[in-house]
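Engineer: Need coordinates for the following:
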Amino acid sequence: MIRLARVGARKQPYYRIVVIEKERARNGRSIEVVGTYNPRTSPATVDLKHERIAHWRSVGAQLTPTVEKLVAKHPASAPAAA
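Structural biologist: The predicted model follows:
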């Protein structure tokens with residue numbers, strides 16, 4: 001699964017977007033960190049590694065609904081034309 005893992009202090013949430021086995025705990029050992037999400041900034045800061053997310057989806061990883069919304073809202077930018 002590709003889902004959020006909460007880090008940060010109490011009442012100051014900060015999330016890592018991680019690839020993790022479905023049965024593991026929310027903040028258990030992840031396979032790879034593929035992005036970050038900070039809802040406390042205005043607007044919320046989202047940093048995604050789109051190529052790694054695409055790779056993991058191609059080998060069968062599923063996105064949680066929240067991560068799916070973040071990926072849809074922040075698509076990969078097109079490469080700059082020279």
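
Engineer: Report how many residues lie close to residue 4.
Structural biologist: Residues lying near residue 4 (other C-beta atoms under 10 Å) number 19. Glycine gets a C-beta too; all of them are placed from N, C-alpha and C.

Engineer: quick one: secondary structure of the spatially most central residue of the chain?
Structural biologist: What sits nearest the mean C-alpha location of the chain, by C-alpha atoms, centre = their mean, is residue 17, with 2.7 Å. Assigned by DSSP: H, G, I helix; E, B strand; the rest coil, the conformation of residue 17 is strand.

Engineer: Name the nearest residue to it, sequence neighbours excluded.
Structural biologist: Of all residues not flanking residue 17 in the chain, residue 35 sits nearest, at 3.7 Å (C-beta to C-beta, 6 or more residues apart in numbering).

Engineer: Does the one you found touch residue 56 like I think?
Structural biologist: No: when contacts are counted by C-beta atoms under 8 Å, residue 35 is not listed as touching residue 56 (11.3 Å).

Engineer: okay, the two: which has more neighbours?
Structural biologist: Using other C-beta under 10 Å as the criterion, residue 35 and residue 56 rank with residue 35 on top: 21 against 18.
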